[in-house]
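A.B. asks: next input, structure requested:
(one chain, ligands or ions: 2)
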Amino acid sequence: MDAPSKPFGSVLMSTAPYPRPSREEAEAAVRTLLAWAGDNPNREGLLETPARVTRAYGELFSGYEQDASTILSKTFKEVGGYDDIVLVKDIPFSSHCEHHMVPFIGKAHIAYLPHDGVVGLSKLARLVESFARRLQTQENLTAQIIDAINEHLGPRGAAVMLEAEHMCMSMRGVRAHGASTITQRFTGVFAEDRHEQDRFFAMIKR
Ligand SMILES: Nc1nc2c(ncn2[C@@H]2O[C@H](COP(=O)(O)OP(=O)(O)OP(=O)(O)O)[C@@H](O)[C@H]2O)c(=O)[nH]1
Ligand SMILES: [Zn+2]
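C.D. replies: Ligands and ions are numbered 1, 2, ... in the order given. Coordinates of the predicted model:
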């Protein structure tokens, strides 16, 4: 097969921002998909569906409008000298896989060793939301969460673990119902010191 001509190839690889369609164009695309699924977009029950789906997309993919630096901007220093692990576990999240645009749903566990103050606990859950409400792979989601914590909190170490079920693997394709995917990433002390990693695992299991 011939290699793609240069302009075609460069369009495929481009990461430049793609022009945002109008709401009407997005609704027309949903009507096309309804017909592609084999239904009739003009039947009564589906008439409002394109408008509902575009509204739902606004919510499901609202993470593109959110910014980690804003979420993690406020820290507290009056914590009685507390400098041990802060762990928030079982943070529920739902995201969409970028390959099939089908949900993957699970829990995130986030820990860090404070360096100069702590962040409000809810902000860690908000951080997960901000990256989960985009098209993702679980690996990328894990990396984005820990990178943001490192960049904006500068902790002595951070640990992130995600467990999730991918609907694209259970509802279709291989249909491996109940299979769960675990990803984890460690930085700083958690990456260098096996003992700190073990404490993280023990706290999650507790
Ligand atoms: N690494 C990784 N893979 C994912 C994730 N979400 C979905 N996938 C996988 O992405 C792959 C896409 O594979 P392709 O062969 O291109 O697509 P496909 O023909 O639909 O693959 P099947 O799902 O095997 O039917 C599948 O193996 C999915 O299981 C994720 O978060 N991380
Ligand atoms: Zn998928």
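A.B. asks: and the gap between Val174 and Asp147?
C.D. replies: Separation of Val174 from Asp147 (C-beta to C-beta, to the nearest Å): 31 Å. From N, CA and C alone the C-beta is placed, and that goes for glycine too.
A.B. asks: these two: which is more packed in?
C.D. replies: Set Val174 next to Asp147 and count neighbours by other C-beta atoms under 10 Å: Asp147 wins out with 16 against 9.
A.B. asks: what about the more buried one, which SS state?
C.D. replies: Asp147 falls in the helix class when you classify it by DSSP: H, G, I helix; E, B strand; the rest coil.
A.B. asks: read off the pLDDT value for it.
C.D. replies: Here the pLDDT value assigned to Asp147 is 98.
A.B. asks: the one 5 residues further on now?
C.D. replies: The score at His152 is 96. That number is its pLDDT.
A.B. asks: surely Met161 meets Gly106?
C.D. replies: No: look at Met161 against Gly106 with C-beta atoms under 8 Å: they stay out of range, at 10.1 Å.
A.B. asks: those two: which has the busier surroundings?
C.D. replies: Neighbours were tallied for Met161 and for Gly106 using other C-beta under 10 Å; the higher tally belongs to Gly106 (22 against 19).
A.B. asks: sticking with that one, tell me its helix or strand.
C.D. replies: Following DSSP states H and E, one finds Gly106 within strand 103-113.
A.B. asks: so which elements touch that strand?
C.D. replies: Judged by 3 or more C-beta pairs under 8 Å, 6 or more residues apart in numbering; DSSP states H and E, the packing partners of strand 103-113 are strand 86-97, helix 121-132, helix 138-153, strand 157-166, helix 167-170, strand 181-188, helix 189-192, helix 194-205.
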